[in-house]
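Colleague: Just the structure for this:
(one chain, ligands or ions: 1)
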Amino acid sequence: MKRVLNFYPGPAAIPLEAIEEAGDELVNWNNTGMSILEISHRSKQYEAVHNETKDLLRKLLQIPDDFRILMLQGGASLQFAMIPMNLLKDHETAGYIITGNFSRNAYKAANVVSKVFTAASTEKDGKFYRLPETNEIETDENAVYYHLTSNNTITGTQWKVFPDFGSVPVIADMSSDILSRKIDFKPFGLIYAGAQKNLGPAGVTVVIIKDDLVERSRGDLPDILSYKTLVSKNSLFNTPSCFSIYMMNKVLKWVKKSGGIDFIELQNRKKVELVYGLIDKYPDFFQSKIEKESRSFMNVTLRLPDEKLEESFISEAEKQGIIGLKGHRSVGGIRISMYNANGINEVNTLAQFMEDFHHKNG
Ligand code: PMP
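Modeller: Below is the predicted model of the structure:
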């Protein structure tokens, strides 16, 4: 059977090699006579995968020694709540930079826990087409942290240079661009990401948290919500999402084998040139509302001259085995999500399709 070219925004394409390997191992994994789905999370075999996955991530992203890595459940959305629950004591506040639906959701969840403030918002008429300038961000001397979303999956904007608030840490939701480029950890106190874009399947959420934030976390939370407990138990306080972590392990090995983060970053730049190249070549046909400096390397959003053309773009693509291009319901149009598993060849095929579609309809 032929595989489709999958541009879904998440859950998204996983490297074929990782899928095939898992398929091969499903009946008898590592001579255990069972699959990873059936083995105890307290077994030595599982524990080895668990710890190796963390090591791989640490090495690939060059995560400094004073950060811990957690692999949790509940999605990025649970982190919207856990972050303020752990880090804000009574009456403490934090600044939220709102650049899209998910950062707004993070703000809403935090506001239930404590009184946080909007440090900046680029919302205009219910839409988000840009990121704030540094001088638009309001600071408060009492802020414990500033929260932002590094890549806005729905509208297609991405921070290229992160703000730095000195001794006040930045907390970033990197769900849709983690592992797409190198990270300078200096401004960050905590980075989190649901796995289902660049890291693997849904079901596991990575939290990379600096020791001093673990230290300052509240001690009066139920264990399952407490960073202190989860760090001290190595994300094995309760049953982790073993299969998702095992798949993430395979995806990380694939990244390593492909040439690591340098290769991935370079490849992502080339992919971006192909797709935005067409947007810049035919701006009246492939219409982008996103400011150039804010363009996401992961999710490209665009509109065509009318909705009929957009529908035909999506259905023509599907006929050619290219799927997942429908824009999010809140913005409409087209969205091309080109996470790491879609390499230059896949994006080239899509770019060729776009060129042909313009030729026929432009
Ligand atoms: N943040 C971002 C940037 C996202 O793209 C998403 C959607 N995957 C979420 C948060 C919500 O993630 P989850 O469904 O894992 O809670």
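Colleague: all helices of the stretch 251-362 of the chain, in order?
Modeller: Under the criterion DSSP state H, counting those that start in this stretch, helices of the stretch 251-362 of the chain are mapped to 260-281, 307-319, 344-361.
Colleague: Quick check: the gap between I224 and I69.
Modeller: 18 Å (Cβ to Cβ, to the nearest Å). In this view, the C-beta of every residue, glycine as well, is placed from N, C-alpha and C.
Colleague: scratch that, K228 is what I was asking about
Modeller: Taking Cβ to Cβ, one finds K228 at 15 Å from I69.
Colleague: now swap in L148 and tell me
Modeller: 20 Å.
Colleague: so what's the residue of the stretch 1-150 of the chain found nearest the ligand scoring on pLDDT?
Modeller: The minimum distance from the stretch 1-150 of the chain to the ligand, using Cβ to the nearest ligand atom, falls at G75 (2.6 Å). On pLDDT, G75 comes in at 98.
Colleague: Looking at per-residue confidence, what score does the closest residue to it other than its chain neighbours get?
Modeller: Nearest residue to G75, sequence neighbours excluded (Cβ to Cβ, 6 or more residues apart in numbering): G194, at 5.1 Å. What the model reports as pLDDT for G194 is 98.
Colleague: how close does G194 sit to the ligand?
Modeller: 3 Å (Cβ to the nearest ligand atom, to the nearest Å).
Colleague: Between L148 and I69, which has more neighbouring residues?
Modeller: Higher neighbour count among L148 and I69: L148, with 25 against 20, using other Cβ atoms under 10 Å.
Colleague: Before we go further, that one is sitting in a strand, right?
Modeller: Yes - using DSSP: H, G, I helix; E, B strand; the rest coil, the assignment for L148 is a strand.
Colleague: mind listing what the helix or strand of the chain with the lowest mean pLDDT pairs with, with the direction of each?
Modeller: The helix or strand of the chain with the poorest confidence is strand 127-128; it has a mean of 92 (mean pLDDT, DSSP states H and E). Paired neighbours of strand 127-128 in the sheet (DSSP bridges): strand 123-124 (antiparallel).
Colleague: if we look at the strand it pairs with, which residues are touching it?
Modeller: 98, 104 (Cβ atoms under 8 Å, 6 or more residues apart in numbering).
Colleague: quick one: average pLDDT of it?
Modeller: The model assigns strand 123-124 a mean pLDDT of 94.
Colleague: Pull the distance from that strand to the chain's centre.
Modeller: Its chain's C-alpha centre and that of strand 123-124 lie 22 Å apart, by Cα atoms, centre = their mean, to the nearest Å.
Colleague: Same question for stretch 111-125.
Modeller: On Cα atoms, centre = their mean, the centre of stretch 111-125 falls 21 Å from the chain's centre.
Colleague: Can you give me the buried ones in it?
Modeller: Buried residues in stretch 111-125, counted by 16 or more other Cβ atoms under 10 Å: 113-114, 116-117, 119-122.
Colleague: try stretch 4-18
Modeller: Neighbour-count burial for stretch 4-18 flags 5-10, 12-15, 18 (criterion: 16+ other Cβ under 10 Å).
Colleague: Please apply the same query to stretch 188-205.
Modeller: For stretch 188-205, by 16+ other Cβ under 10 Å, it's 188-205.
Colleague: and it, how far apart are its ends?
Modeller: 17 Å (Cα to Cα, to the nearest Å).
Colleague: again, but for stretch 140-155
Modeller: In stretch 140-155, first residue to last residue: 28 Å (Cα to Cα).
Colleague: Stretch 172-185 too?
Modeller: With Cα to Cα as the measure, what separates the two termini of stretch 172-185 is 11 Å.
Colleague: Could you confirm whether that stretch reaches the ligand?
Modeller: Yes - judged by Cβ under 6 Å from any ligand atom, stretch 172-185 comes into contact with the ligand at 173, 175-176.
Colleague: Setting aside sequence neighbours, what's the nearest residue to the residue of the stretch 251-362 of the chain found nearest the ligand?
Modeller: Residue of the stretch 251-362 of the chain nearest the ligand, by Cβ to the nearest ligand atom: N299 (8.5 Å). Nearest residue to N299 in three dimensions, chain neighbours excluded: G156, at 4.4 Å (Cβ to Cβ, 6+ apart).
Colleague: Equivalent analysis for K228, please.
Modeller: Of all residues not flanking K228 in the chain, S217 sits nearest, at 5.1 Å (Cβ to Cβ, 6+ apart).
Colleague: just to revisit the earlier point, mind checking the helices of the stretch 251-362 of the chain for the one nearest to K59?
Modeller: Taking Cβ to Cβ, helix 260-281 is the member of the helices of the stretch 251-362 of the chain nearest to K59, at 8.4 Å.
Colleague: Go ahead and name everything in contact with the closest one.
Modeller: Against helix 260-281 from outside (Cβ under 8 Å, 6+ apart): 60-62, 179-182, 255, 258, 286-288, 295, 297-298, 300, 302, 336, 338, 340, 342-344, 347-348, 350-351, 354-355, 358.
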